[in-house]
Every structure is written in C-alpha cells, then in structure tokens.
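Chemist: I need the structure of the sequence given here:
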Amino acid sequence: MSEIVRNKSGLSVKVTLDDSKLQAMLRAIPDALQRRAFRAAVTKASQVINRTAKRLVPVESGLLKKSIGYKIKSFTNSQNGTIGYYGVIGPRVDGFKMAVPRTKGRRVVKGRPGTMVMSNPVKYAHLVALGVRPHSVPVTGKKDSANRKTALHPGHKGVHFMREAANATRSQVEAAMVGELQKAIDKAKG
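Modeler: Reported below is the predicted structural model:
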C-alpha cells in the first residue's frame, strides 16, 4: 500500500508492503541479502517515479528536466537497530547551475530578450511545482530602494509534476518493489 503525504519540503511518498507472506519470506533470508534487496527495491521504485517526473515537468529551458534525479539514502532505527532505505527524487544540487537564454516573459533581469541569465533549478523547482502568488518585483537596477520602481508579477498556478508522478506510478512502484524483493527471495532459496 502506498500513500502520499506532505512534509515540510513538499512531498513524500511512503510505500508499505502489507503482504504478510512476503514479509515472512524476507525474514527467512540473511540480513545482508535483505539489505541489498531493500536497497534494490527502493532504487527501482525511485527510477520509476524519476522517469515519470521528467516526463511531466514543464519545459522552458530544459534545465529543470535535466536536473531531476534520485538518490538512495539509508537510516538506522535507534530503537531496534533495523536499517531502512528511502529515495530522494527532485532537482540535483551539483552541476546544474548554468546560463540559459532569457525568455520574453521574464522581466526581473535588466536587458533585452535573448540575453543570458544564470539559472539554478534547485532554487526555482518549488516555484514551478507549487506556484507563485502575484507580487511586485523591482524593474530598475538602482541600489537606492527609495527610487526603485516595481512592477506586478502576475504569478502562476503550480504544475504539481512530482505529485502527479507519484500518483501515476503508485501501482508500478509497488510492483517494482515486490519484484525486486521476490528476486532476493528466489536467490536465497537457491
């Protein structure tokens, strides 16, 4: 069973396998093989969501789409010592800040359309996903805040590409995880 919950960073997908037969079979295999199996299952599930998120993300310069990736992390439960794995899917931090052509609609950077703007997907992915309310933005380059002119940015409705990717791939994620875990069980049986 999978559920989508909102956390302080935006979105979290939690997949819980309720199959008691599968859990009993997993307990019968060695711990090292269990850990590898769970890591492989989370990796496979993250790949499924990652591919769908890349397909659903709106494209202006293509930089946000290119930066979306996944990373597998582990944690240890302090109460019982078990090891768990989770996947982090979203724009990657390193190596994606680059100059992109300024489009006609962007008015926050001084210059004419066609000039280059430094863009970092980590800094604006949440604005694309969650949207922006109308707000005022400076239109002059003057340092003096008393003489600074502003214009109204119209805002935009969010395109919830990560949430849609998680919703659309729910059954595929569960199937991928069960498939990887079944491979480990078959391997342990010999």
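Chemist: and the next element down the chain from the longest helix anywhere in the chain?
Modeler: Across the chain, the longest stretch assigned as helix under DSSP state H is helix 31-56. The helix or strand immediately downstream of helix 31-56 is helix 63-67, counting by DSSP states H and E.
Chemist: quick one: distance of that next one to the chain centre.
Modeler: How far helix 63-67 lies from its chain's middle: 11 Å, per Cα atoms, centre = their mean, to the nearest Å.
Chemist: send me that helix as PDB with only the CA atoms.
Modeler: The C-alpha coordinates for helix 63-67 follow below in PDB (Å, rounded to 0.1, in the frame of the first residue of the first chain):
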ATOM      1  CA  LEU A  63      17.400  22.700 -17.300                       C
ATOM      2  CA  LEU A  64      14.900  21.600 -14.600                       C
ATOM      3  CA  LYS A  65      14.100  18.500 -16.500                       C
ATOM      4  CA  LYS A  66      17.700  17.600 -16.900                       C
ATOM      5  CA  SER A  67      18.500  18.200 -13.200                       C
END
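Chemist: any idea how far F96 is from N120?
Modeler: Going from N120 to F96 by Cβ to Cβ, to the nearest Å gives 7 Å. Quick note: C-beta positions are derived from backbone N, CA and C, even for glycine.
Chemist: so which elements touch the longest helix of the chain?
Modeler: strand 68-76, strand 83-91, helix 161-168, helix 170-189 (3 or more Cβ pairs under 8 Å, 6 or more residues apart in numbering; DSSP states H and E).
Chemist: same list, these, but as CSV with distance to A53 please.
Modeler: Below are those laid out as CSV (distance: least, Cβ to Cβ, whole Å):
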stretch, distance to A53
strand 68-76, 5
strand 83-91, 6
helix 161-168, 4
helix 170-189, 12
